[in-house]
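# Next come a sequence and a model predicted from it.
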Amino acid sequence: MKTEPRFHNAPHFKNFWEKGNGKALLDWADFKPDIRDFGRFSSLYHQIDELGDEAVRASYLKLPYPDASALIKKYSATKITESDDAPEIVKKLFLQMQEVPAWFDENLANIGARLCMRSGTNALIILRDFVLMGGYDYAYLNKPLIFTGALKKGAVKRLKDTLEFWVHVTREDALKVNSEAYQLIVRTRLMHSYARLKIKEKGQNWNYEKWGQPINSWDMIATYTGFSLVLMQGLKKLSVKISEEEENGVFHLWKYIGYLLGIPAEFLPENKQQAVEQLYLWSSLQDKGDSDSVHLAKALLDENLENTIYRYPFQRKLLLNLHQSMNWFLLDKEINERLQIPKVGITSVFPRFITKANQIAQQIFKLDDEKKYRKLVEIGNRDQMKVLEDYIKHTPKDFQY
């Protein structure tokens with residue numbers, strides 16, 4: 001199936017890359033992608049994690065759910081060997097995942113993890129109001145959410161799952177085989193495969209020409225580029241300083257996470273130039289936000305009012321206004337309007353406050369002072385873990401996948 005960059009000349013693509021946040025990314029990377037390179041990556045749009053799919057077929061789709069769950073949990077938490085009595089394809093999956101590739105540099109990944117931690121609640125705001133909300137404007141990327149009924153399950157659980165995943169995989173030394181983060185990655189990889197197989201089984205209306213394979217490798221790369229490139233762009237907007245070493249560390253961290261999730265490592269970006277190129281070429285396949293995008297955006301905004309972390313309605317309304325103000329500060333005006341995000345009166349006050357607070361914090365906790373830098377990492381980690389703890393406490397138990 002031939003894949004073409006059908007939206008390369010569309011107004012929404014040009015506005016983003018010539019005037020909006022896309023132009024800022026090109027300027028930051030000091031790099032201009034060439035649409036003629038589209039063919040180097042286009043096969044990824046129809047490429048999937050075959051090994052993950054086969055493992056799901058041999059476990060969740062073959063065994064009773066408790067048995068399949070126990071099997072996966074066992075080998076997520078303890079190393080598997082050739083002699084273990086497990087389905088061959090499940091064995092193959094875990095043998096592959098627990099083999100640490102020669103290119104992985106744990107020290108560099110830890111430098112990236114420390115940036116994620118020291119950015120504290122800034123990172124959580126960026127993930128929610130810039131990365132996640134901005135991602136809803138890519139109409140085709142969101143189709144698996146619609147087809148799996150994730151919208152009906154509500155944004156509270158989806159936010160908790162995303163937050164839990166991001167926090168656990170971005171701690172120092174988190175990605176060791178059989179660690180808690182590793183187990184989360186295993187679950188996420190198999191959840192993607194399970195969702196893909198169910199979409200293919202039931203989704204007679206899935207448009208392979210427009211949307212590629214469900215949860216395909218290129219969509220996955222774009223998603224995790226959001227957790228690296230776009231996250232750092234958002235932090236810079238909030239005046240969080242990022243060293244070149246930290247920047248490289250974040251890309252390396254997400255390259256390894258992506259590899260563990262079944263994405264071909266040779267396509268995962270290692271620096272901002274490669275990441276910008278991937279995002280530019282991939283986004284030429286994506287139509288602008290549609291009615292599904294608007295519903296997803298509304299569900300994310302309504303989560304502020306539905307979540308019970310804050311007891312009183314006036315607190316939840318204030319939180320909603322604060323997140324809307326961040327949407328308008330971080331996202332392009334055109335995207336806010338397309339997603340129908342209401343503009344609030346205090347649009348610029350909260351972002352200005354956060355930006356100033358970051359500038360002051362970085363003067364106090366000098367980034368070139370190891371002791372003070374570590375203190376900032378410690379504070380940021382504590383703040384993120386507290387938010388996660390609140391979400392876990394106030395979210396219904398996980399659905400089976």
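Nice, thanks for sending it over.
# quick one, what contacts the nearest residue to residue 271 once chain neighbours are set aside?
Closest residue to residue 271 apart from its sequence neighbours, by CB to CB, 6 or more residues apart in numbering: residue 251 at 5.8 Å. (C-beta placed from N, C-alpha, C; glycine too.) Neighbouring residues of residue 251 by CB atoms under 8 Å, 6 or more residues apart in numbering: 112, 228-229, 269-272, 275.
# In JSON lines, list these along with neighbour count.
JSON lines is the format used below for the contacts of residue 251 (neighbours: other CB atoms under 10 Å):
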{"residue": "112", "neighbour count": "25"}
{"residue": "228", "neighbour count": "27"}
{"residue": "229", "neighbour count": "27"}
{"residue": "269", "neighbour count": "21"}
{"residue": "270", "neighbour count": "14"}
{"residue": "271", "neighbour count": "16"}
{"residue": "272", "neighbour count": "23"}
{"residue": "275", "neighbour count": "27"}
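# These in helices, which ones?
Under the assignment DSSP state H, the contacts of residue 251 contribute 112, 272, 275 to helices.
# so what's residue 280 closest to, chain neighbours aside?
Per CB to CB, 6+ apart, closest to residue 280 is residue 33, 4.1 Å.
# helix/strand/coil for that neighbour?
coil (DSSP: H, G, I helix; E, B strand; the rest coil).
# Compute the number of surrounding residues for it.
19 (other CB atoms under 10 Å).
# now do the one 4 residues further on
Residue 37: 12 surrounding residues under other CB under 10 Å.
# just to revisit the earlier point, where does the residue nearest to residue 271 fall, secondary structure wise?
Using DSSP states H and E, residue 251 maps to helix 244-260.
# Please tabulate the ones in helices among the contacts of residue 251 in a markdown table and include pLDDT and distance to residue 69 as additional columns.
Formatted as a markdown table, these follow (pLDDT from 0 to 100; distance: CB to CB, whole Å):
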| residue | pLDDT | distance to residue 69 |
| --- | --- | --- |
| 112 | 98 | 31 |
| 272 | 98 | 39 |
| 275 | 98 | 35 |
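# which one of those is nearest residue 382?
Taking CB to CB as the measure, residue 382 lies nearest residue 112 of those, at 19.1 Å.
# gap between the helix holding residue 251 and the chain center?
Distance of helix 244-260 from its chain centroid, counting by CA atoms, centre = their mean, to the nearest Å, is 13 Å.
# buried residues in that helix?
The neighbour-count check on helix 244-260 (16 or more other CB atoms under 10 Å) flags 246-260 as buried.
# who's in contact with the residue nearest to residue 323 when sequence neighbours are not counted?
With CB to CB, 6+ apart as the criterion, residue 323 has its nearest non-adjacent residue at 5.6 Å, and that residue is residue 129. Residue 129 sits next to 323, 326-327, 330-331 when contact means CB under 8 Å, 6+ apart.
# what about the stretch 101-250 of the chain, any weak spots by pLDDT?
150-154 (pLDDT under 70).
# What segments of it are helices?
With DSSP state H, counting those that start in this stretch as the criterion, the stretch 101-250 of the chain has helices at 106-118, 120-126, 133-135, 143-147, 150-153, 155-169, 180-202, 208-211, 217-225, 231-237, 244-260.
# on that earlier part again, so which one among the contacts of residue 129 has the lowest pLDDT?
Of all these, residue 323 has the smallest pLDDT value, namely 92.
# before we move on, back to that, I'd like to know which of the helices of the stretch 101-250 of the chain lies nearest to residue 53.
With CB to CB, the closest approach to residue 53 among these belongs to helix 180-202: 4.6 Å.
# So residue 271 sits against residue 248, correct?
Yes - using CB atoms under 8 Å, residue 271 is in contact with residue 248, at 6.5 Å.
# From residue 89, how far out is residue 62?
10 Å (CB to CB, to the nearest Å).
# Compare the helices of the stretch 101-250 of the chain and give me the one nearest residue 372.
That would be helix 106-118 among the helices of the stretch 101-250 of the chain, by CB to CB, at 10.6 Å.
# Okay, buried residues for that closest one please.
Under the neighbour-count criterion of 16+ other CB under 10 Å, helix 106-118 has 106, 108-118 buried.
# Out of those, flag the one nearest to residue 141.
Using CB to CB, the buried residues of helix 106-118 come closest to residue 141 at residue 116, 22.7 Å.
# Next, the contact list for the closest residue to the closest one other than its chain neighbours, please.
In space, residue 116 comes closest to residue 170 once its chain neighbours are excluded; the distance is 3.8 Å by CB to CB, 6+ apart. Residue 170 sits next to 112-113, 116-117, 253 when contact means CB under 8 Å, 6+ apart.
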